[in-house]
Structures are given as structure tokens and as C-alpha cells.
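Undergrad: Need coordinates for the below:
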Amino acid sequence: MIKSTYRVSVIGAGGTGAYYGGALARAGADVTMIARGEHLEAIKDKGLELKSVLLGDFNVPCKATDNMSSVEEVDLVIFAVKSWGTEEAVAAMRAGNMVGEKTLIISTQNGIDSEQVLSEAFGHERVLGCTATVSAMITEPGIVTQSGGPGSFVIGEMTGGISDRVIELVQICKDSGLAAEASENIELAIWMKFMFICALSGMTALTRKPIGEIFSQETTTAMYRLVLSEVAAVARAKGIQISEQVVEETLNTTQKREPFIIGSMGHDLIAGNPIEIALLNARVVEIGNEVDVPTPANFTIEAALRPHEFGDG
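TA: Prediction:
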């Protein structure tokens, strides 16, 4: 069990944030969920209900609010808002007392820029690198369903190496039942997830189909591989060593995952919500132009999805 004095704030208690924060709350941590609307009210009234193939099904009482200024200093912030909410969330965090001298901040956001944004706002000394890989979503207000994905939680120092504070945080997460591990090279891990999510989210959003149907076709499988390969080539141009062998390993691993999986951008697109195209495939194209690496597959996805960037609602 975690000490009840260990305080956590989950900024954006949607599928991913609620999964990791819910595990910590069940283990005894003092967790505050930052949410909104009916989801917020349901958590306040009935607690958070998590239906998980990895953690089991449980309901846990949680503090919940949409007012970050009401949250006092915490030990850990899990930053899990969608990309379009980043600026507003950072401003709200800075306006209150949530982030103190000893507060650690980790981000579960997609993309490769979150740690830099948070470091500029709160100081490099407070921000750890993190990758979170899980398929979880709000299925009803107050209810989050985790149906796939490894549920991994990889944490490390952005400067490299494994520090005592990383070891301590990883152990806290493990004590919560999470598949946490420390990374010697978290920058590489972040780029590896970026490669994975650009293909998964990009291709499932583009086709409006789950990965099982994508991999059942030679053409869409070939394009999926090309998206991965382009991100790897851009990474190598930036000094991040992702080989073509790793590209093939990522493809093979994804092909063995649950066939019903749709990436977060695919779910948002189908629901008519804003999508993170600027953070993902469009970012690959942008960096590719900077380092003179062609990215035609990612450009195709960007061009097809840009009209949906701000939602269809």
C-alpha cells in the first residue's frame, strides 16, 4: 500500500489519466482527479469506476474538481490532457499552489514536445520523462474501461540515467499494480512511442478502422509500415537511433495486439471531437522538412485529417 500522505493530481482524468490515477488511488494514495462535465460529477458522487483487463474491475473514491486552484501542493502531477488543452491546463496549474518545490511532473500525452513545454513552465528539475501505453477510454460518466494495451509506464530522467527519485516513483507505481519500469534513455522511449502512436492513431483515424482490418490488407499494412519507417528516419536525423529492425519489430508486435484496437485519434475522429493531428503526423512532416527527410505517408495522413482537426461537432 502507498502512504495516504502521498498526494497525486491527475490533470485530465479521461481514459489514460483515470487508469493510472485510479490504480494509485486504489493503492492508498491521496488522488485528486481534474475533470469536467458529467464525468466530473459522476466521480464526485459515486467515485471512479474502472473496468480493466489488467487491473480488474473496481470502484475507488476520489477527490475530483475542475478548479485546479483548489488543489494544494502535491507530490506527483500526472499530466494527461489532450494536446489542445495543454496551454489552458498549464496556466491553471501555475495560477494555483499545486506545483511546489518537491513536486514531480510526468506527462502521459502523445507526441515528443510535452516534457519541453512543462519544463519551460515549471523548471527542468521538476519534470521526468514518461511514456504511457494503454487503451482506455471513458465509456460512461465516471466509468473508464481499459480493454487493451500493455498498460506500460516507463519513467526516466530527461538528462539520461536512472536516479533515486525515478526508482522511488517506479516502485510506487509497481506497488499500485502498474507495469512500471525505469529507463536509462527515456528520450529514446518517447520517440519509440511517438513512432508507434503516429502509425496506430494516424492509420486508424485515416481508415476509420481498427488495426485488425488494417493488417488484413496488404496496402494498408504497407502504408502502416511506411509511417513507422518515416518517423524512424526523422528520429535518426535528430540523433535518436531507431533502426529499421526496430521498425519491423514494432510492426510485428502491433500485429499481435488485440484486433479491435483503435488509436486515440481514431476514437476522437469517429466521435466528432478535436484530433491531435498537429501533435502527431503533422509534427513528423514538420520535423522532416527541417532535417530534409521525406515523409509522404505522414503528409498524406495530415492532409486527409487536417479538415477534422477542430472536430466535426
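
Undergrad: CA atoms for contacts and neighbours, from now on please.
TA: Fine.

Undergrad: can you pull the buried residues of the helix ranked longest in the chain?
TA: Criterion DSSP state H: the longest helix present in the chain is helix 186-207. Neighbour-count burial for helix 186-207, counted by 16 or more other C-alpha atoms under 10 Å, picks out 186-206.

Undergrad: ditto for stretch 213-227
TA: 213-215, 220-221, 223-227.

Undergrad: shouldn't Phe49 be in contact with Val144?
TA: I think there's a mix-up here, since residue 49 is Glu and not Phe. Yes. Applying C-alpha atoms under 8 Å as the test, Glu49 and Val144 come out as touching, 6.3 Å apart.

Undergrad: Would you mind giving both backbone torsions of Leu279?
TA: phi -80, psi -20 (degrees, to the nearest 10).

Undergrad: Which residues are in contact with it?
TA: 83, 110-111 (C-alpha atoms under 8 Å, 6 or more residues apart in numbering).

Undergrad: Any chance of JSON lines for these, columns pLDDT, neighbour count and distance to Pro296?
TA: Below are the contacts of Leu279 laid out as JSON lines (pLDDT from 0 to 100; neighbours: other C-alpha atoms under 10 Å; distance: C-alpha to C-alpha, whole Å):
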{"residue": "Ser83", "pLDDT": "87", "neighbour count": "18", "distance to Pro296": "24"}
{"residue": "Asn110", "pLDDT": "92", "neighbour count": "23", "distance to Pro296": "21"}
{"residue": "Gly111", "pLDDT": "93", "neighbour count": "23", "distance to Pro296": "19"}
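
Undergrad: from the residues you listed, which is closest to Lys44?
TA: Ser83 (25.1 Å; C-alpha to C-alpha).

Undergrad: Need phi/psi at that closest one.
TA: phi -60, psi -40.

Undergrad: Neighbours of the closest residue to Glu244 other than its chain neighbours, how many?
TA: Computed as C-alpha to C-alpha, 6 or more residues apart in numbering, the closest residue to Glu244 that is not its neighbour in sequence is Ser229, at 6.8 Å. Using other C-alpha atoms under 10 Å, Ser229 has 24 other residues around it.

Undergrad: hang on, Ser229 is in a helix, isn't it?
TA: Yes. Counting by DSSP: H, G, I helix; E, B strand; the rest coil, one finds Ser229 located in a helix.

Undergrad: still on that earlier bit, quick one: which of Glu49 and Val144 has more around it?
TA: More neighbours surround Val144 than the other of Glu49 and Val144, with 26 against 23 (other C-alpha under 10 Å).

Undergrad: tell me the domain ranges of this protein?
TA: The chain breaks down by automatic domain parsing into domains covering 7-184, 189-308.

Undergrad: hmm, back to that, by contact count, what packs against the longest helix of the chain?
TA: strand 129-140, strand 143-156, helix 211-215, helix 218-237, helix 264-271, helix 296-305 (3 or more C-alpha pairs under 8 Å, 6 or more residues apart in numbering; DSSP states H and E).

Undergrad: now the ones you listed as TSV including mean pLDDT and distance to Phe79?
TA: Converted to TSV, the helices and strands packed on helix 186-207 look like this (pLDDT from 0 to 100; distance: least, C-alpha to C-alpha, whole Å):
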stretch	mean pLDDT	distance to Phe79
strand 129-140	94	10
strand 143-156	93	13
helix 211-215	98	27
helix 218-237	98	24
helix 264-271	94	16
helix 296-305	98	25
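
Undergrad: among those, which is nearest Val246?
TA: Taking these one by one with C-alpha to C-alpha, helix 218-237 is closest: 8.7 Å.

Undergrad: what's that closest one in contact with?
TA: So helix 218-237 is contacted by 191, 194-196, 198-200, 203, 214-215, 241-244, 247-248, 251, 284, 287-288, 291, 293-295, 297-298 (C-alpha under 8 Å, 6+ apart).
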